[in-house]
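Colleague: Compute the structure for the input listed below.
(one chain, ligands or ions: 1)
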Amino acid sequence: MLLKTEFVKARSLEEAFCAISDRADASFVAGGTDLFVQIKEGKRKPSRLVSVREVPELLGIDLQRGSVVIGSAVPLSDVASSAVVAGHAPLVADACLQIGSPQVRNRGTIGGNIGNASPAGDSITALIASGARIRVKSLAGEREILLEASFLGPGKTVLSPDELITAVVVPVIQDHTRVAFEKYALRGGMDIAIVNVAISLDMVDGLVTDARIALGAVAPTPIRAVEAERTIRGNRPSSSLIEEAARVAARECCPIDDVRGTASYRRHLVYVLTKRALAKVCQGNVGRVWGCAR
Ligand SMILES: Cc1cc2nc3c(=O)[nH]c(=O)nc-3n(C[C@H](O)[C@H](O)[C@H](O)COP(=O)(O)OP(=O)(O)OC[C@H]3O[C@@H](n4cnc5c(N)ncnc54)[C@H](O)[C@@H]3O)c2cc1C
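Modeller: All right, here's what the predicted structure looks like:
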């Protein structure tokens, strides 16, 4: 029997929460670039889709009390081209620019990238390295969660089905912070990352005072390379320290073999990309944004 999916276009948060709460197997949808593919492949069978793409409360990018607040339904292309994001959260702008093609970035949203919970999600590693939180709302109330604590496994988050990500809250980059995003994919941006790496280092008088290194596609969820961070934190960067930190990052990830690459290839890529990103961050002296924006 052909299963019909009802489509509800919410025009306010209230409409969205009403439409999601009176049907057990309803699902939020934003751009549909992940969810429509999953439905077509028979992996998801929601009886109702609640579109949040045009909910005004989810569409802004603002500076609020030391953070860049990005509405969850903001398309990836708008995140990548926003002067506010480029100026105050450049790592996130750089990563979003490397997602998919212009068509995918115009349709796909930052909330959808997080909601899809792919271990390879490009915005996710950049957001984790930036210390981002997500604002989550349902009829039961509102809460804020550290993004890195939001993922349980591939496609799984700590959110309940009626909880909506309303915004992503990214701390404004400090003058002494340097960042880099590196991605390796077979078909450039048109493909999901085989590995991605995002790095944020605080450097004061040549000393690394804090380090955040996030790795994607090398574990069931995006992860922090905490041992590699410990290796570099409190030290003066040198070629040998960068080499050591990259080797530690490659050791502490736990990739699997899949259609995109073997576990050992992924581990090698973690070494290469972490070393490249750290070298850019530590040796660079011409601005804060590094990476390979196309
Ligand atoms: C050709 C192609 C290339 C791609 N390339 C890349 C790439 O290079 N890098 C990359 O990271 N991704 C890539 N993607 C995946 C996809 O485009 C992104 O993950 C995109 O950000 C998803 O956003 P969306 O709005 O389309 O999500 P949707 O498909 O609408 O939703 C995805 C999931 O998130 C949930 N969701 C959506 N919005 C919310 C919300 N506000 N709150 C709670 N849950 C929510 C939905 O219920 C669903 O489970 C690619 C996809 C395609 C088709």
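Colleague: need the residues of the protein near the ligand, please.
Modeller: Residues of the chain that fall close to the ligand, judged by Cβ under 6 Å from any ligand atom: 27-35, 37, 52, 72, 76, 99-100, 104, 107-109, 111-113, 115-116, 121-122, 164-165, 189-190, 192. No exception for glycine: its C-beta is placed from N, CA and C like everyone else's.
Colleague: and I192, helix, strand or coil?
Modeller: Using DSSP: H, G, I helix; E, B strand; the rest coil, the structure places I192 in coil.
Colleague: Quick check: it touching S118?
Modeller: Yes - counting by Cβ atoms under 8 Å, I192 touches S118, with 7.1 Å between them.
Colleague: in what helix or strand does the nearest residue in space to A250 that is not next to it in sequence lie?
Modeller: Leaving aside its chain neighbours, A250 sits nearest to Y271 (3.9 Å; criterion: Cβ to Cβ, 6 or more residues apart in numbering). Applying DSSP states H and E as the criterion places Y271 in helix 263-283.
Colleague: For that helix, list every residue counted as buried.
Modeller: 266-267, 269-271, 273-282 (16 or more other Cβ atoms under 10 Å).
Colleague: Closest one of these to I213?
Modeller: For these, the residue nearest I213 by Cβ to Cβ is T274; the value is 6.6 Å.
Colleague: From S77, how far out is that closest one?
Modeller: T274 is 28 Å from S77, where distance means Cβ to Cβ, to the nearest Å.
Colleague: go on, I199?
Modeller: 24 Å.
Colleague: ok, now G87?
Modeller: From G87 to S77 the distance is 17 Å (Cβ to Cβ).
Colleague: Show me which of these two is the more surrounded one.
Modeller: S77 (20 against 15; other Cβ atoms under 10 Å).
Colleague: so that one makes contact with Q103?
Modeller: No - if you go by Cβ under 8 Å, S77 and Q103 don't touch, sitting 9.3 Å apart.
Colleague: residues touching the residue lying closest to L58 once chain neighbours are set aside, list them.
Modeller: Spatial nearest neighbour of L58, chain neighbours left out: A73 (3.8 Å); criterion: Cβ to Cβ, 6+ apart. By Cβ atoms under 8 Å, 6 or more residues apart in numbering, A73 lies in contact with A30, V52, R53, E54, V55, L58, L59, T109, G111.
Colleague: Then D202?
Modeller: Listed by Cβ under 8 Å, 6+ apart, the contact partners of D202 are Q174, H176, T177, V208, T209, D210, A211.
Colleague: Can you tell me the SS state at it?
Modeller: Applying three-state DSSP: D202 is strand.
Colleague: how close does it sit to the ligand?
Modeller: Distance of D202 to the ligand, given as Cβ to the nearest ligand atom, to the nearest Å: 26 Å.
Colleague: picking up where we left off before, quick one, grab the pLDDT at the residue nearest to A250.
Modeller: We have a pLDDT of 98 for Y271.
Colleague: Looks like it contacts E244 (just checking).
Modeller: No - using Cβ under 8 Å, Y271 is not in contact with E244; the gap is 10.9 Å.
Colleague: In this structure A246 contacts T274, no?
Modeller: Yes - judged on Cβ under 8 Å, A246 makes contact with T274 at a distance of 4.2 Å.
Colleague: which residues are in contact with both of these two?
Modeller: Contacts common to A246 and T274, judged by Cβ under 8 Å, 6+ apart, are A228.
Colleague: before we move on, the earlier item: only whichever of the contacts of D202 are buried, select them in ChimeraX.
Modeller: In ChimeraX, a selection of the buried entries from these looks like this (16+ other Cβ under 10 Å):
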select :177,208,210,211
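Colleague: Export the contacts of D202 as TSV, with columns for secondary structure, pLDDT and distance to I232.
Modeller: Below are those laid out as TSV (DSSP: H, G, I helix; E, B strand; the rest coil; pLDDT from 0 to 100; distance: Cβ to Cβ, whole Å):
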residue	secondary structure	pLDDT	distance to I232
Q174	coil	97	17
H176	coil	95	15
T177	strand	97	14
V208	strand	97	5
T209	strand	97	11
D210	strand	97	10
A211	strand	98	5
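Colleague: Much appreciated, bye for now.
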